[in-house]
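>>> Got a predicted structure plus its sequence, pasted below:
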Number of protein chains: 2
Amino acid sequence: MSQGFSTISVAPEAQRIIAQVGRYLTAKNMTVSCAESCTGGGLAFALTSVDGSSAWFNQSFVTYSNQAKSSLLGVSEQTLQEYGAVSAQCVAEMARGTAAKSGADCVISISGIAGPNGGSAEKPVGTVWFGFVLDKRVYTVHQQFSGDRAAVRDRAAAFALSYLNDWLVETFGEDL
Amino acid sequence: MSQGFSTISVAPEAQRIIAQVGRYLTAKNMTVSCAESCTGGGLAFALTSVDGSSAWFNQSFVTYSNQAKSSLLGVSEQTLQEYGAVSAQCVAEMARGTAAKSGADCVISISGIAGPNGGSAEKPVGTVWFGFVLDKRVYTVHQQFSGDRAAVRDRAAAFALSYLNDWLVETFGEDL
């Protein structure tokens, strides 16, 4: 039945963090949803790698094109033209749009330049912006990652997971 | 900048097939979009692993819950109640809904039981249904995969990729 080749995998160390995230979300009856551009669905794929994720994960968006960011998540044309898709403004709108569409308690949005093309002096390859909606507050974070396309996408997913996990631990305590 | 752990990766052999899929889609000016349940975004993540995928990939949906399948893709309550989310009927509606929402020329939908829980005598763990919209025709395919949760998800993504690649080769010839 297998096609004889491997496609996609989630590293065991990431699964341990996701399992912890899942324990928090389950205990607090919360859900998470994502809007992914450069990671292309990889964060959602990672989150759903652990058994029982259906308790706290309902849906996610992969909005790769600007058009998709606008039509699915309501990112404004003005934001895309003025600041670009890889910007604090864009990931904030992606996160807000995802929260509104999904009703999720925790939202993560990611937009960046994974490379090898698409970089500029102002926004080199590895530039990634993250948006979070946590407890109804919106946060945006910028990171500059090194490495090739696969590494940038991997590190972006790791950063997003860590940020969510850290927020859960800080908010609800370590004794879960 | 790295969080010091790996998260997600796409196998090189899958990337070779995706690169070929990308060459076909680019040459024919076509796009692909996915609606993923059990693979959780992994197929979209794989497709966007190759440079230049933005030419033929705009958006994708991760509809994990039944509610998401209905609200985002228009899967009918009747289908979910009568046949369940893991059924030919459901993946056909997911694929049609994705085609309508995205305008993509090629659509892949996936719904299955990755396990370890959720299986039944009728639909054991490893049961996966695939829907495809290709050249405006809808196809549904059933597969029974062996292995654990990660293996089932991996094999489901591999099957979907192979199916799309085979269709492109058969439709447009091998001389691309």
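Perfect, thanks for sending it. Every value quoted in this text rests on a predicted model; they were computed, and no experiment measured them. Residues are numbered from 1 along each chain as shown, chains lettered A, B, ... in the order given.
>>> Where does the prediction get shaky in chain A?
For chain A, residues meeting the criterion pLDDT under 70 lie at A:1-3.
>>> now the helices: where do they sit in chain A?
Counting by DSSP state H, chain A forms helices over residues A:12-27, A:42-47, A:66-73, A:77-82, A:88-102, A:149-172, given from the N-terminal end onward.
>>> which one of the ones you listed has the most crowded surroundings?
The highest average neighbour count among the helices of chain A, using mean count of other C-beta atoms under 10 Å in any protein chain shown, belongs to helix A:42-47 at a mean of 32. (Glycine included, C-beta is placed from N, CA and C.)
>>> which residues touch it?
For helix A:42-47, the surrounding residues in contact (C-beta atoms under 8 Å, 6 or more residues apart in numbering or on different chains) are A:8, A:10, A:14-15, A:18, A:21, A:32, A:34, A:36, A:53, A:57, A:60, A:62, A:108, A:110, A:153-154, A:156-157, A:160-161, B:7-8, B:39-42, B:45, B:62, B:153.
>>> any idea how far that helix is from the chain center?
Centre-to-centre, helix A:42-47 and its host chain are 8 Å apart (C-alpha atoms, centre = their mean, to the nearest Å).
>>> Send me that helix as CSV with only the CA atoms.
What follows is the C-alpha trace of helix A:42-47 in CSV, where atoms were taken according to Å, rounded to 0.1, in the frame of the first residue of the first chain:
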residue,chain,number,x,y,z
GLY,A,42,4.1,22.2,8.7
LEU,A,43,3.1,23.6,12.0
ALA,A,44,-0.4,22.2,11.8
PHE,A,45,1.1,18.9,10.7
ALA,A,46,3.4,18.9,13.7
LEU,A,47,0.6,19.8,16.1
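>>> could you dump the helices of chain A to JSON lines with distance to residue B:78?
As requested, the helices of chain A are arranged in JSON lines below (distance: least, C-beta to C-beta, whole Å):
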{"stretch": "helix A:12-27", "distance to residue B:78": "30"}
{"stretch": "helix A:42-47", "distance to residue B:78": "27"}
{"stretch": "helix A:66-73", "distance to residue B:78": "26"}
{"stretch": "helix A:77-82", "distance to residue B:78": "38"}
{"stretch": "helix A:88-102", "distance to residue B:78": "24"}
{"stretch": "helix A:149-172", "distance to residue B:78": "36"}
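>>> wait, which of those is closest to residue B:129?
helix A:42-47 (18.7 Å; C-beta to C-beta).
>>> before we move on, the earlier item: do you know which of the helices of chain A lies nearest residue B:143?
Comparing those by their distance to residue B:143 (C-beta to C-beta), the top pick is helix A:42-47, with 18.9 Å.
>>> Go ahead and produce CSV holding the CA coordinates of stretch A:120-134.
As requested, the backbone C-alpha atoms of stretch A:120-134 are provided in CSV (Å, rounded to 0.1, in the frame of the first residue of the first chain):
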residue,chain,number,x,y,z
SER,A,120,16.0,41.6,-0.2
ALA,A,121,18.4,43.8,1.7
GLU,A,122,15.6,44.9,4.0
LYS,A,123,14.2,41.4,4.4
PRO,A,124,16.8,38.8,3.7
VAL,A,125,16.1,35.1,3.4
GLY,A,126,15.4,33.8,6.9
THR,A,127,13.3,36.8,7.9
VAL,A,128,10.1,35.4,9.6
TRP,A,129,7.3,37.3,11.3
PHE,A,130,5.1,35.5,13.8
GLY,A,131,1.7,36.6,15.1
PHE,A,132,0.0,35.2,18.2
VAL,A,133,-3.4,35.7,19.6
LEU,A,134,-3.3,34.5,23.3
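>>> Can you list the buried residues in it?
Neighbour-count burial for stretch A:120-134 flags A:123, A:125-134 (criterion: 16 or more other C-beta atoms under 10 Å in any protein chain shown).
>>> cool, and stretch A:49-57?
Across stretch A:49-57, burial judged by 16+ other C-beta under 10 Å covers A:49-51, A:53-54, A:56-57.
>>> Mind listing residues that contact that stretch?
The set of residues that contact stretch A:49-57 without belonging to it, under C-beta under 8 Å, 6+ apart, is A:10, A:14-15, A:18-19, A:22, A:25-26, A:30-33, A:44, A:47-48, B:40, B:64-65, B:115-117, B:149-150, B:153.
>>> Alright, calling it a day.
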